[in-house]
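Q: build me a structure from this.
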Amino acid sequence: MRLFDFMVFYPMASFEKRKVTDFTWQTPLERAATLAGISASFILFVCLEIFCFLIFKINILDNKYTIFLFMAGGIVTIQVFNYIYVRRKRYEYIISPQYRPFKFGAKTGVIICFLIFVLSLLSTIAIGLIQGDLLNTYK
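A: Prediction:
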């Protein structure tokens, strides 16, 4: 959970530093939770790809309905993150003194969050390609 807290905390710190107070369709906290939810859905999809490959010996990206399942899972993940961080006020707990603080500056934290996002996206694609090659090699 600390990884996801990290991915919400630093975009919020960046928004506060730049004095971004409102977006047209979301608050800054909802936007940060959405960004973390997208990264989390990519990470979960990578885990699902590996699980299906190891257990069932299939590449789930070969199925034409996978994109719809991924989008539905992403929407659900984003809603769960918004529920946890906005409605259940987990962000309030993160910024409270009882939570162990993060040590990075806002700019460094945002760069790390961006790298996590990019690496999770690229790993989703790379794992699928590698699995496809492995499955075709051993047929």
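
Q: mean confidence (pLDDT) on the longest helix along the chain, please.
A: Longest helix in the chain, counting residues (DSSP state H): helix 106-137. Average pLDDT, helix 106-137: 91.

Q: helices or strands next to it in the packing?
A: helix 2-17, helix 28-56 (3 or more C-beta pairs under 8 Å, 6 or more residues apart in numbering; DSSP states H and E). Placement of C-beta: from N, CA and C, glycine included.

Q: let me know which of those helices is the nearest to Pro101.
A: Of all those, helix 2-17 sits nearest to Pro101, with 9.1 Å by C-beta to C-beta.

Q: got the contact list for that closest one?
A: 28-29, 31-33, 35-36, 39-40, 81, 85, 90-91, 94-95, 102, 104, 106-107, 109-110, 112-113, 116 (C-beta atoms under 8 Å, 6 or more residues apart in numbering).

Q: what's the answer for stretch 122-129, then?
A: 42, 45-46, 49-50, 59-61.

Q: buried set for it?
A: For stretch 122-129, burial by neighbour count (16 or more other C-beta atoms under 10 Å) applies to 123-124, 127-128.

Q: for Phe42, give me its contacts.
A: For Phe42, the contact set (C-beta under 8 Å, 6+ apart) comprises 117, 120-121, 123-124.

Q: excluding its backbone neighbours, what's nearest the residue nearest the centre of the chain?
A: Nearest to the mean C-alpha position of the chain, counting by C-alpha atoms, centre = their mean, stands Ser39 at 1.7 Å. Leaving aside its chain neighbours, Ser39 sits nearest to Phe117 (4.8 Å; criterion: C-beta to C-beta, 6 or more residues apart in numbering).

Q: in this structure that neighbour contacts Leu35, no?
A: Yes: here Phe117 lies in contact with Leu35, judged by C-beta atoms under 8 Å, at a distance of 7.3 Å.
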